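Q: quick one: sequence and predicted model below, then my questions.
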Amino acid sequence: MTQTDIRAVVLATLKSIAPEVEVDALSGDRPLRNQVDLDSMDWLNFLLGLNKRLKVEIPEADYRKLVTLDDVVAYLQAKVD
């Protein structure tokens, strides 16, 4: 999967959790949760959705590494390859 493919999956997953989010307005280098105002349960559902769609395990210990959209995409890119 390319980085573009992964980003598309991430944004689609995010949109399924928070349909009101304008994905085109998201900045890749700003904290994602702040941009879309996700509470901890929504964030967990987002990460579980990524797990389901990409078949990538995201250990709880790695959650703190996933701050920005770019962080999430890079993390998943490393796991998918």
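A: Done, it's in. Residues are numbered from 1 along each chain as shown.
Q: C-alpha from now on. contacts and neighbour counts both.
A: Fine.
Q: quick one: mean pLDDT for whichever helix or strand Ala78 is part of?
A: Assigning secondary structure by DSSP states H and E places Ala78 in helix 69-80. Average pLDDT, helix 69-80: 96.
Q: what's it packed up against?
A: helix 3-17 (3 or more Cα pairs under 8 Å, 6 or more residues apart in numbering; DSSP states H and E).
Q: helix or strand next in line after the helix it packs on, which one?
A: helix 32-36.
Q: what lies in contact with that following helix?
A: Residues outside helix 32-36 that contact it (Cα atoms under 8 Å, 6 or more residues apart in numbering): 18, 21, 26, 39, 43, 67-69.
Q: the bottom helix or strand of this protein by mean pLDDT?
A: helix 32-36 (a mean of 92; mean pLDDT, DSSP states H and E).
Q: list the buried ones in that one?
A: For helix 32-36, the neighbour count (16 or more other Cα atoms under 10 Å) marks 32-33, 35-36 as buried.
Q: list the buried residues in stretch 47-56.
A: Across stretch 47-56, burial judged by 16+ other Cα under 10 Å covers 47-50, 54.
Q: what's the closest of these to Val73?
A: Of all the buried residues of stretch 47-56, Leu50 has the smallest distance to Val73: 10.5 Å, by Cα to Cα.
Q: got the contact list for the closest one?
A: Applying Cα under 8 Å, 6+ apart, the residues near Leu50 are 9-10, 13, 56.
Q: farthest-apart pair in the buried residues of helix 32-36, please.
A: Farthest pair in the buried residues of helix 32-36 (Cα to Cα) is Leu32 and Val36. Separation: 6.4 Å.
Q: just to revisit the earlier point, name the surrounding residues that touch the helix holding Ala78.
A: Applying Cα under 8 Å, 6+ apart, the external contacts of helix 69-80 come out as 1-3, 6-7, 10, 27-32, 54, 56, 65-66.
Q: perfect, I'm done here.
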